[in-house]
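Undergrad: Below are the sequence and a predicted model; questions follow.
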Amino acid sequence: MNDLLSVLLSTLKARITPIWTKLKYWTSWNFIKTKILTKIRNFLTTIFQVKPKDKDDYYPIFGWLISKKLARAIVIVVGILCVCYFVWINPIGNITEGMGSKERIYNYNSLPLRFEKGAVKIKAKSGYIAYEGNVEKGYATGQGCLYDENGQTVYKGNFEKNEYSGQGTLYYPIGQVKYAGTFLENQFEGTGTLYRENGTKQYTGLFADGVYEGEGTLYNASEVPAFTGNFHNGELVYTQLLGKTPSEIAEYYTGNVMLYQNDTESAVIMEDIDAFYVTPVESTGMDAEVKASTIYVGKNEFVYGDQRMTSIEEICKVLGEPIFEGNSYITFAESVGTNWLLKKGKDIPMEIEIEAQQMFDDVWTVESYPVDTMVYLYVFLADDITYTFIAPDRNSEFFMYALEQ
């Protein structure tokens, strides 16, 4: 009985195996691809080999006669190439089922994405999810979130045609908020708050084209308000302090202060805005009659209008030729300012040593300074304000400048 069953199974196997082998072959991708390509090749060969018999077999195009069969073949070939482009070069993306709802995920260059409207996810070229939010006509438009390749949020808020526009939040790579406020064309625009990488506030107020512009408040490293006033082109407008009394300046500047004084003058250093002013020594009690006629700025960059300048050559192009240029003995204010900048670590090719006795935490009495030291001055006049740029010598760039009414 067992022998009979074995013979029967062997016979069935011998009959079925050839059929199964043929089915596997006929359903394999290589066989299907070969059959399709063969039919396409034969079809195109037939079309191109057929010769037109009369003028009705031609299309007249700009004085040329084009075979109708050739024209149809060209249309078919172009159509096939377009399909190949959209399928392989410009993939269509995919739609997956989420928790009871459809999650639409597209590649960044997906054709259907250009016709999509609503909430989607978009993959970057390298495959990670780069955007999650609303789109319209292929653009990120409306509320959305942009991610980097590590999954960190880059920006969260409103978009307009792939650009940050409206209310939003920009982040540092570490995930800390960098800016929260309004945007226009990817730039800070309108009202917002800028943060340092450690999370403390740096500035809150108005912006334009990505920089401070208008009314705002600067904060020091301890997040204490240091200055409230006007800004332009990303820079504090120092001219607004000119002609103000010490008490009026104190309404603008509320940051850290250091006072250096000798027998006749007092230099009030406003550390958090890199500036200081000088008054007669008897006015340190906030004498309302005394005003700061000169403001010194400890920076080697000068902002005037929409220009940012770091060299005298650039300044001459904007303000014209200097009304004075030459060597000068260093003054008390210049000596104190230079010494202060050197202590802050600023690279200035000169040595200024002052002898001072500390009276209180932020008050020093200057007993002597190097009165024989020379500095090189460039003096300009513009808009009724005298600008003096201070350099170590004629061949060096300025490291500090003064504004005077």
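TA: In hand now; what should we look at?

Undergrad: Which pLDDT does the model give residue 290?
TA: Model confidence at residue 290, given as pLDDT, is 87.

Undergrad: That one - how many residues pack around it?
TA: 15 (other C-beta atoms under 10 Å). C-beta: built from backbone N, CA, C; applies to glycine.

Undergrad: The one 3 residues further on now?
TA: By other C-beta under 10 Å, the residues close to residue 293 number 14.

Undergrad: wait, it sits on residue 243?
TA: Yes: with contact defined as C-beta atoms under 8 Å, residue 293 counts as touching residue 243 (6.8 Å).

Undergrad: Name the residues contacting each of those two.
TA: Contact criterion C-beta atoms under 8 Å, 6 or more residues apart in numbering; residues bridging residue 293 and residue 243 by contacting each: residue 405.

Undergrad: Helices of the protein, start to end?
TA: Listed in chain order, the helices found in the chain under DSSP state H are 2-26, 29-49, 68-84, 246-252, 312-319, 332-343.

Undergrad: Provide a list of residues in contact with residue 165.
TA: By C-beta under 8 Å, 6+ apart, the contact set of residue 165 is 158, 159, 183, 184, 185.

Undergrad: rerun that using 10 Å as the cut-off
TA: 141, 157, 158, 159, 182, 183, 184, 185, 186, 187, 189 (C-beta atoms under 10 Å, 6 or more residues apart in numbering).

Undergrad: same deal with residue 171?
TA: Going by C-beta under 10 Å, 6+ apart, the list of residues near residue 171 reads 146, 148, 152, 153, 154, 155, 156, 177, 178, 179, 180, 195.

Undergrad: where does residue 100 land on pLDDT?
TA: pLDDT for residue 100: 45.

Undergrad: err, residue 261, not the other one
TA: pLDDT at residue 261 comes out at 94.

Undergrad: so it sits right up against residue 267, yeah?
TA: Yes: under the criterion of C-beta atoms under 10 Å, residue 261 makes contact with residue 267 at 7.2 Å.

Undergrad: intersection of neighbour lists for these two?
TA: Joint contacts of residue 261 and residue 267 (C-beta under 10 Å, 6+ apart) are 278, 279, 332, 336, 364, 366.

Undergrad: From the contacts of residue 171, which land in strands?
TA: The strands, defined by DSSP state E, take in 146, 153, 154, 155, 156, 177, 178, 179, 180, 195 from those.

Undergrad: Tell me the one among those residues nearest to residue 34.
TA: residue 146 (45.9 Å; C-beta to C-beta).

Undergrad: Quickly list what the closest one is bridged to.
TA: Following DSSP bridges, residue 146 is listed with bridge partners residue 131, residue 155.

Undergrad: give me the number of residues near it?
TA: Neighbours of residue 146 under the rule other C-beta under 10 Å: 21.

Undergrad: swap in residue 391?
TA: Neighbour tally, residue 391, other C-beta under 10 Å: 21.

Undergrad: For this protein, name the helix or strand with the lowest mean pLDDT.
TA: strand 94-97 (a mean of 47; mean pLDDT, DSSP states H and E).

Undergrad: before we move on, back to that, out of the contacts of residue 171, the closest to residue 115 would be?
TA: The shortest gap between residue 115 and any of the contacts of residue 171 belongs to residue 146, at 21.8 Å (C-beta to C-beta).

Undergrad: distance of that closest one from residue 156?
TA: 7 Å (C-beta to C-beta, to the nearest Å).
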